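Visitor: Test case, fold it:
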Amino acid sequence: MTVDMKTPVLIVDDYATMLRIVRNLLKQIGFDNVDEASDGGRALQMMKLKKYGLVISDWNMQPMTGIELLRQVRADSDLKTTPFIMVTAESKTDNVIEARNAGVSNYIVKPFSSEILKGKISSVLGAF
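Guide: Prediction:
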């Protein structure tokens, strides 16, 4: 399976600079159909209105965290199969296990490069 570069991608982070960085990294690897949400609640609303082929979400956000967003996505029959990559500054084993148990597709620790992002996306969506 190869990745459709026109796949709609939703990036979720409460830090505007991080949204810009991830958007730029996605652009470098060929994705240009990218939407942004500044928290999990807004992301969930957007996901109910538009089908995304990939969600890349930060873990630490308020009022709804990335792990809460992931749990709600996996509990929703219309959204549960959406590929979901969690991004965090913490590489604690407990967090990785919690994300895996919640159904995360993959996990990225900040900081990361476009090559790391591309590799994680490839492992979730298929080859570029």
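Visitor: And for stretch 80-98, what's in contact with it?
Guide: Identification of contacts with stretch 80-98 by CB atoms under 8 Å, 6 or more residues apart in numbering yields 13, 18, 22, 47, 52-60, 66-67, 70, 73-74, 99, 103-110, 112, 120-121, 124-125. (C-beta placed from N, C-alpha, C; glycine too.)
Visitor: Surely residue 119 is in a helix?
Guide: Yes - the assignment for residue 119 by DSSP: H, G, I helix; E, B strand; the rest coil puts it in a helix.
Visitor: need the next SSE after the lowest-mean-pLDDT helix or strand in the chain, C-terminal direction.
Guide: Here the helix or strand of the chain ranked lowest by mean pLDDT, DSSP states H and E is helix 93-102, holding a mean of 93. Counting by DSSP states H and E, the next helix or strand C-terminal to helix 93-102 is strand 106-109.
Visitor: In that next one, which residues are buried?
Guide: 106, 107, 108 (16 or more other CB atoms under 10 Å).
Visitor: same check, this time on stretch 31-47
Guide: For stretch 31-47, the neighbour count (16+ other CB under 10 Å) marks 31, 34-44, 46-47 as buried.
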